[in-house]
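# my questions are about this predicted structure, shown below with the sequence.
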Amino acid sequence: MSKPLISAHSIVRFFDSLKVLNGSEFNLTEGEFVAITGKSGVGKSTLLGVLGTLDSSFSGELFINGVNTAEASSSQLAELRREFMGFIFQDFHLLPNLSALDNVLLPAVFCGTDTGSIRDDARAILSRLDLRNDNTPTRFLSRGERQRVASARALVNNPRVLMADEPTASLDEESEANLFDLLDSLRKEKGFAMIAVLHSKKILSRADRILELKEGVLYEKHA
Ligand SMILES: Nc1ncnc2c1ncn2[C@@H]1O[C@H](COP(=O)(O)OP(=O)(O)OP(=O)(O)O)[C@@H](O)[C@H]1O
Ligand SMILES: [Mg+2]
């Protein structure tokens, strides 16, 4: 069996006295699409923050690509995130005054990656996501377009794991299906695994596994 990309055991996360994660177990293997669902406020974004090493205030064990995150320095974790993960945040986190292209190039700028070839990659991924007006500041773009810029930015470094937090919230059904069609074909081509927080039954049914977060614990759910 292939080594898990992410392996989390007994994850507990409190916010003051509020216990949001209460012994969650999670594994992700190469190329898998795992959907996470659950009621609002149950802790889905919190869980993604922990799995993505953006939040270290938890107890339990987290291995990323075989690395025990408790033993990694913050710069090792930052490197792991840059090279291994792509994030689509619940509210996108785009810089409104920068163009689509510059937003997509940001992670590469932070990584110090060769900006010549990455610029071509960024243009290619934006056009795959059907975004042609890549010089427009993102504040002028529609929500669906901003969503695709955020997806392109998450994918430009060729991550092994894409983490998406309700990426299609407030998009119409057709735009949502279009985005997942694109993500599916990119996933087949590039082989990345995906963890997505989702609600739509139609999209959930595309996942290899559906996990429901309830009272701080993840349960396997059947579509
Ligand atoms: N930084 C924080 N400080 C205090 N409480 C927090 C913090 N972040 C999250 N919480 C609380 O933790 C709980 C889980 O929040 P989280 O955002 O993970 O839920 P969610 O399942 O993603 O919800 P939604 O579906 O609405 O996005 C909520 O009660 C929230 O108020
Ligand atoms: Mg959330």
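Looks like it came in fine. Numbering: from 1, shown residues only. Ligands and ions are numbered 1, 2, ... in the order given.
# ligand 1 contacts on the chain?
Counting by Cβ under 6 Å from any ligand atom, the residues of the chain lying close to ligand 1 are Phe15, Val20, Gly38, Ser40, Gly41, Val42, Gly43, Lys44, Ser45, Thr46, Gln90. (Each C-beta comes from the backbone N, C-alpha and C, glycine too.)
# please redo it, this time with the cut-off set to 8 Å
Within the chain, the positions near ligand 1 by Cβ under 8 Å from any ligand atom are 15-16, 18, 20, 38-49, 90, 165-166, 197, 213.
# just the buried ones out of these, please.
Neighbour-count burial within the residues of the chain next to ligand 1 applies to 20, 38, 42-49, 165-166, 197, 213; the criterion is 16 or more other Cβ atoms under 10 Å.
# the nearest residue to Asp121 once chain neighbours are set aside: neighbour count?
Using Cβ to Cβ, 6 or more residues apart in numbering and skipping residues adjacent in sequence, the residue nearest Asp121 is Val156, 6.0 Å away. Residues near Val156, counting by other Cβ atoms under 10 Å, number 24.
# my guess is Val156 contacts Ile118. True?
Yes. Between Val156 and Ile118 a contact is recorded at 6.8 Å, counting by Cβ atoms under 8 Å.
# overlap of the contact sets of these two?
Jointly contacting Val156 and Ile118 under the rule Cβ atoms under 8 Å, 6 or more residues apart in numbering are Leu105, Ala108.
# report the distance from the helix or strand harbouring Phe87 to the chain centre.
Phe87 is part of strand 85-88 when elements are defined by DSSP states H and E. From the chain centre to the centre of strand 85-88 is a distance of 4 Å (Cα atoms, centre = their mean, to the nearest Å).
# who does it pair up with?
strand 161-165 (parallel) (DSSP bridges).
# any buried residues in the helix or strand containing Asp181, and which?
Taking DSSP H and E as the criterion, Asp181 maps to helix 173-190. Buried residues in helix 173-190, counted by 16+ other Cβ under 10 Å: Ser175, Glu176, Ala177, Asn178, Leu179, Phe180, Leu182, Leu183, Leu186, Arg187.
# for Ser17, give its distance to ligand 2.
20 Å (Cβ to the ion, to the nearest Å).
# kindly report the same for Ser45.
Taking Cβ to the ion, one finds Ser45 at 3 Å from ligand 2.
# how about that residue, what does it touch?
Gln90, Asp165, Val197.
# tell me the one among the residues you listed nearest to Arg143.
Among those, Gln90 lies closest to Arg143 (Cβ to Cβ), at 12.7 Å.
# that closest one contacts Ser170, correct?
No. Here Gln90 does not reach Ser170: they are 10.6 Å apart, not a contact under Cβ under 8 Å.
# strands of this protein, start to end?
Using DSSP state E, the strands found in the chain span residues 6-15, 18-28, 33-37, 59-64, 67-68, 85-88, 161-165, 193-197, 209-214, 217-221.
# could I get the ones you listed as a markdown table with mean pLDDT?
Shown next, in a markdown table, are the strands of the chain (pLDDT from 0 to 100):
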| stretch | mean pLDDT |
| --- | --- |
| strand 6-15 | 97 |
| strand 18-28 | 96 |
| strand 33-37 | 97 |
| strand 59-64 | 97 |
| strand 67-68 | 95 |
| strand 85-88 | 94 |
| strand 161-165 | 96 |
| strand 193-197 | 97 |
| strand 209-214 | 97 |
| strand 217-221 | 95 |
